[in-house]
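Q: Model the structure of this input:
(2 chains)
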Amino acid sequence: MAGAVALLVVAGCGGPGGGETLTVSAAASLTDTFTELETRFEAAHPGVEVRLNFAGSSDLAAQIVSGAPAGVFASADTAQMRQVVDAGLAAGEPRVFATNRLQIAVRPGNPEGIRGFADLTRPGLTTVVCAPQVPCGAATTRIEESTGVVLTPVSEEPDVRSVLSKVASGEADAGLVYVTDVASAGDEVDGVDVPEADTARNGYSITTIAGAEHPETAAAFVDLVRSAEGAAVFEAAGFGAP
Amino acid sequence: MTVSSHRHGVTVALPRWLWIPAGIGFALIALPVVGLIVRADLVRLPELVTSEASLAALELSLRTASASTVLCLLFGGPLAAVLARSSFPGLALVRPLVLLPLVLPPVVGGLALLYTLGRTGFAGRLLELWTGFTVPFTTVAVVLAQTFVSMPFLVVSLEGALRTAGQRYESVAATLGASPSVVFRRITLPLVLPGLGSGLVLAFARALGEFGATIAFAGSLQGTTRTLPLLVYQERETDVDAAIALSLVLVVVAVVVIAVARPRGAEGLR
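A: Now for the predicted structure:
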């Protein structure tokens, strides 16, 4: 009896009474931009509460395929979106709404004097990258292939924010992250451009999920993301056009 | 009708309703393991478990867990003896601190180690200055992270055994003229060997399964810092079959370890 009550208390609480809740699962690198869009969407649609769920794209895709309730899925690359599509769970055709590219994050002032991708193989330099399973790690591998420069990182982190924090905290000399991550970190890190990264851009795609509770609301959110207003938000954060 | 259990010739009557929550408790632990076995690709299991990445992770896990257990013995053992047998002002504060890793989230432990022994930490900075060595991203970091989380297991086991054993034999030996070192070596240690043994086994098992502190402090790189739990975490979405196969390896090791520790565990952890 006491155990049943305990479970109910933990599982029970829903959103504010009378409104509808839209769950948006989005890649971690979309944190700042989607939070901004959430505010605008809720202002334009009173009674709707948007619940943002940020994680690595592969995490989110696996959750959705396993039946996690979500109305919208925004992935950092097409490979993760394909998982959801192949499972028959994408309600519409996924559309690319923004692109991103990698940059080298270094400590403020660039104390090691890193000028390009090849500098990362300098002996004594500690470089951190994303694991190849994660979109930013896959992009790193593509740059390695196109430049012929093979990195020897000291660690392959599970998500791009871990890489960023290792550089920002001073534990690593350099890390491969998105330009948008460098921008959002402000004074904590500086960015060194990688021209070859343009050939390894990530395409962010978005779709509504089949079987969502409120398909019209989900579609409206996708519309906002793909609108000119949404494009302006992404451009301001450093994303590239689709 | 009541259900009885017989221990040491005494019949104890258990109320029948106790079996229901007991059964649910058991199911909560056993069913997920069964689910793992059911989902596993048993045909491909040998091939998945012997891949290059898997073998590297397994070898690293066993090596680091063994090293951590030795460190737990060398430093946790004396610590347990001090906690059990000495008295000094502040002892009441020392014990909760020693047991802190038991309740602290492992990731928090890893971050604490990172910001102390990392390049920007006060100890790490000195270490780099004196020796040029940095701890994060090395196998040493893995061992330290594992030692941090598993030492309390050894301390609790051994301290309990020391308290239970009492000091009767030691005081007799002392009155017969033995020095404290001789007493410790020839009386105390043999007496608490079972408790020490089960403590070491538990510490080894905990070190083997450590994840949060390792990934926060040591990072993840094949052969250097990617232990078995870290490999499972990395493969869990892209190569589900491999992740489940490796998980089963950890389950089997855990079951073996606990089965070995159990006969002496009841005595040591009182």
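
Q: hey, let's count contacts and neighbours off CA atoms from now on
A: Noted.

Q: so what's the spatially closest residue to A:Ala210 that is not a sequence neighbour up against?
A: Counting by Cα to Cα, 6 or more residues apart in numbering or on different chains, A:Ala210 lies nearest to A:Ala91, which is 4.3 Å off, once chain neighbours are set aside. If you count contacts by Cα atoms under 8 Å, 6 or more residues apart in numbering or on different chains, A:Ala91 has them with A:Thr207, A:Thr208, A:Ile209, A:Ala210, A:Gly211.

Q: Need the phi and psi values for the third one.
A: Backbone torsions for A:Ile209, taken as degrees, to the nearest 10, come to phi -100, psi 140.

Q: for the second one, same thing?
A: Dihedral angles phi and psi of A:Thr208 (degrees, to the nearest 10) take the values phi -90, psi 150.

Q: now do the fourth one
A: The phi and psi values for A:Ala210, taken as degrees, to the nearest 10, are phi -70, psi 140.

Q: List the residues that contact it.
A: Contacts of A:Ala210 by Cα under 8 Å, 6+ apart are A:Gly71, A:Gly88, A:Leu89, A:Ala90, A:Ala91.

Q: still on that earlier bit, now render the contacts of A:Ala91 as TSV, adding pLDDT.
A: Below are these laid out as TSV (pLDDT from 0 to 100):
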residue	pLDDT
A:Thr207	95
A:Thr208	95
A:Ile209	95
A:Ala210	92
A:Gly211	87
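
Q: Drop anything exposed from these.
A: Neighbour-count burial (16 or more other Cα atoms under 10 Å in any protein chain shown) applied to those gives A:Thr207, A:Thr208, A:Ile209, A:Ala210.

Q: give the contact list for B:Thr147.
A: Contacts for B:Thr147 (Cα under 8 Å, 6+ apart) come out as B:Ser68, B:Thr69, B:Leu71, B:Cys72, B:Ala207.

Q: May I see the residues you listed arranged in TSV, with distance to A:Ala168 as well?
A: Formatted as TSV, the contacts of B:Thr147 follow (distance: Cα to Cα, whole Å):
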residue	distance to A:Ala168
B:Ser68	30
B:Thr69	33
B:Leu71	32
B:Cys72	33
B:Ala207	29
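
Q: And for residue 77, the neighbour number?
A: You didn't say which chain, so I picked chain A. The tally of other residues near A:Asp77 (other Cα atoms under 10 Å in any protein chain shown) stands at 25.

Q: Correction: the question concerned chain B.
A: 22.

Q: Flag the shaky bits of chain B, pLDDT-wise.
A: Scanning chain B for pLDDT under 70 picks out the ranges B:1-9, B:262-270.

Q: go with 50
A: Residue ranges of chain B with pLDDT under 50: B:1, B:264-270.

Q: got the residues of it near chain A?
A: Taking Cα under 8 Å from any Cα of the partner chain as the contact definition, chain B meets chain A at B:Gly118, B:Arg119, B:Thr120, B:Pro136, B:Phe137, B:Gly219, B:Ser220, B:Leu221, B:Gln234, B:Glu237, B:Thr238.

Q: Reformat the residues you listed as CSV; add distance to B:Ala261 and secondary structure.
A: Output for the residues of chain B next to chain A, formatted as CSV (distance: Cα to Cα, whole Å; DSSP: H, G, I helix; E, B strand; the rest coil):
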residue, distance to B:Ala261, secondary structure
B:Gly118, 35, coil
B:Arg119, 39, coil
B:Thr120, 40, coil
B:Pro136, 32, coil
B:Phe137, 32, coil
B:Gly219, 31, coil
B:Ser220, 30, coil
B:Leu221, 32, coil
B:Gln234, 30, helix
B:Glu237, 34, coil
B:Thr238, 35, coil
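
Q: Just the pLDDT for the residue of chain A found nearest chain B.
A: Checking chain A residue by residue against chain B with Cα to the nearest Cα singles out A:Ser155 as nearest, at 4.8 Å. pLDDT, A:Ser155: 95.

Q: can you give me the offset of stretch A:143-155 from its chain's centre?
A: 22 Å (Cα atoms, centre = their mean, to the nearest Å).

Q: how about it as PDB, C-alpha atoms only?
A: Extracted C-alpha coordinates of stretch A:143-155, given in PDB (Å, rounded to 0.1, in the frame of the first residue of the first chain):
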ATOM      1  CA  ILE A 143      37.700  16.000 -41.100                       C
ATOM      2  CA  GLU A 144      40.500  13.500 -40.200                       C
ATOM      3  CA  GLU A 145      39.700  11.600 -43.400                       C
ATOM      4  CA  SER A 146      39.600  14.700 -45.600                       C
ATOM      5  CA  THR A 147      42.800  16.200 -44.300                       C
ATOM      6  CA  GLY A 148      44.700  13.000 -43.800                       C
ATOM      7  CA  VAL A 149      45.600  14.200 -40.300                       C
ATOM      8  CA  VAL A 150      45.000  11.500 -37.600                       C
ATOM      9  CA  LEU A 151      44.500  12.800 -34.100                       C
ATOM     10  CA  THR A 152      45.600  11.100 -31.000                       C
ATOM     11  CA  PRO A 153      43.200  12.400 -28.400                       C
ATOM     12  CA  VAL A 154      43.500  11.700 -24.700                       C
ATOM     13  CA  SER A 155      39.800  11.100 -24.400                       C
END
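
Q: That stretch: which residues count as buried?
A: Buried residues in stretch A:143-155, defined by neighbour count with 16+ other Cα under 10 Å: A:Ile143, A:Glu144, A:Leu151, A:Thr152, A:Pro153, A:Val154, A:Ser155.

Q: Repeat that for stretch A:187-195.
A: A:Glu188, A:Val189, A:Asp190, A:Gly191, A:Val192, A:Asp193, A:Val194.

Q: want to throw the residues you listed into CSV with pLDDT and secondary structure?
A: Below are the buried residues of stretch A:187-195 laid out as CSV (pLDDT from 0 to 100; DSSP: H, G, I helix; E, B strand; the rest coil):
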residue, pLDDT, secondary structure
A:Glu188, 93, helix
A:Val189, 95, coil
A:Asp190, 95, strand
A:Gly191, 94, strand
A:Val192, 94, strand
A:Asp193, 93, coil
A:Val194, 92, coil
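
Q: Any chance of TSV for the residues you listed, columns distance to chain B?
A: TSV is the format used below for these (distance: Cα to the nearest Cα, whole Å):
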residue	distance to chain B
A:Glu188	14
A:Val189	15
A:Asp190	18
A:Gly191	21
A:Val192	22
A:Asp193	25
A:Val194	24
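
Q: No more questions from me, cheers.
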